[in-house]
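Asker: predicted structure and sequence below. I'll ask about it afterward.
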Amino acid sequence: MYIFKRASYAILLSTLVNVVFLALIRPFALAPATFGPFMYLPVIFLTVLGAVAAVIVYLFIKKFFPANHNRIFVIVSIIALLLSCIPDIQLMYSTDADNQGATLLVAVLLMLMHAFTAY
């Protein structure tokens, strides 16, 4: 049960950090108000989804690799964080109307939000 209490705190804290960060950066990001990745509901949903997925992966790793599960989880987390940056970079080249306005700054800010959740 201890893991679920810590996981709940991590999910709540990462969501709160991303929402506060979004509120602070949104006026300065130079992205349109309709820019999908900078809307609150998708940020909250995807942050919770990513954090829950991380907890599931941690439990899986802990079950099958009990001797060094923390080390393996850190390696898997770093790889997942790097892979999660690919869609942010692709946003800069998107022709989708909802994603117009994605610049390098916007991509970096989204990557920071991923890092907040991963941390």
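Answerer: Okay, I see it.
Asker: quick check: the residue located most distally from the centre of the chain vs residue 61, distance?
Answerer: No residue in the chain sits farther from the centre than residue 67, which is 27.9 Å out by C-alpha atoms, centre = their mean. Using C-beta to C-beta, to the nearest Å, residue 67 is found at 11 Å from residue 61. Quick note: C-beta positions are derived from backbone N, CA and C, even for glycine.
Asker: who does the lowest-mean-pLDDT helix or strand in the chain touch, helix- and strand-wise?
Answerer: In the chain, the helix or strand scored least confidently by mean pLDDT, DSSP states H and E is helix 104-118, which has a mean of 85. Here helix 104-118 touches helix 2-25, helix 40-64, helix 69-91, going by 3 or more C-beta pairs under 8 Å, 6 or more residues apart in numbering; DSSP states H and E.
Asker: is it possible to export these to a markdown table including mean neighbour count?
Answerer: Listed next are the helices and strands packed on helix 104-118 as a markdown table, based on neighbours: other C-beta atoms under 10 Å:
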| stretch | mean neighbour count |
| --- | --- |
| helix 2-25 | 14 |
| helix 40-64 | 15 |
| helix 69-91 | 14 |
